[in-house]
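Undergrad: What would the 3D arrangement of this be:
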Amino acid sequence: EVPLVESGGGLVQAGGSLRLSCAASGFTFDDYVIGWFRQAPGKEREGVSCISSSDGSTYYADSVKGRFTISSDNAKNTVYLQMNSLKPEDTGVYYCAAGALLPRLWQFQSEYDYWGQGTQVTVSS
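TA: Numbering: from 1, shown residues only. Down below sits the predicted model:
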């Protein structure tokens, strides 16, 4: 059983929007930090955003601030990433991850316990 499943990726034109979902199965998000990461072709995976399920605090990479919004629905055990004003450089495979870590350490990928299989986002110019 895959613990995290991402959905919502696709092909969109620059300036468009997509909403990604990350659903957990087999565990609840209580006391977890849920992070979104992305990997562009030929590049290392990088942190995009995270949300703490315990206090709702959020963090964003500078490259997406003001354009992306992370939110959670604890009743549905799902985290969302609303992506607006998309740019071609946002293209990549987007992964969600869950871990019992301090939110300020959200960009350290080794701190996460569960990972999804990823969803492709392609932004055309």
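
Undergrad: C-alpha only now, for contacts and for neighbours.
TA: Will do.

Undergrad: Disregarding residues adjacent in the polypeptide, which is nearest to the residue most central in space within the chain?
TA: The chain has residue 36 as the residue nearest its centroid, 2.2 Å off, counting by C-alpha atoms, centre = their mean. In this structure, residue 36 finds its nearest non-sequential neighbour in residue 96, 4.5 Å apart by C-alpha to C-alpha, 6 or more residues apart in numbering.

Undergrad: and that neighbour, what helix or strand is that in?
TA: strand 92-99 (DSSP states H and E).

Undergrad: Tell me how far that strand lies from the chain's centre.
TA: Between the centre of strand 92-99 and the centre of its chain there are 5 Å (C-alpha atoms, centre = their mean, to the nearest Å).

Undergrad: Can you tell me what sits against it?
TA: If you take C-alpha atoms under 8 Å, 6 or more residues apart in numbering as the criterion, strand 92-99 is touched by 4-6, 22, 29, 32-41, 111-122.

Undergrad: If we use 6 Å, what do you get?
TA: 32-40, 112-116, 118-121 (C-alpha atoms under 6 Å, 6 or more residues apart in numbering).

Undergrad: I'd like the average pLDDT over it.
TA: The pLDDT scores in strand 92-99 average 97.

Undergrad: Name the strands paired with that strand and say parallel or antiparallel.
TA: Using DSSP bridges, strand 92-99 pairs in its sheet with strand 33-39 (antiparallel), strand 114-115 (antiparallel), strand 119-124 (antiparallel).

Undergrad: Take the first one, keep the C-alpha atoms, and write them as CSV.
TA: Listed next in CSV are the C-alpha coordinates belonging to strand 33-39 (Å, rounded to 0.1, in the frame of the first residue of the first chain):
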residue,chain,number,x,y,z
VAL,A,33,4.8,17.9,8.5
ILE,A,34,3.7,17.5,4.9
GLY,A,35,6.0,18.8,2.3
TRP,A,36,5.9,19.2,-1.4
PHE,A,37,9.0,18.7,-3.4
ARG,A,38,9.7,18.8,-7.2
GLN,A,39,12.3,17.5,-9.5
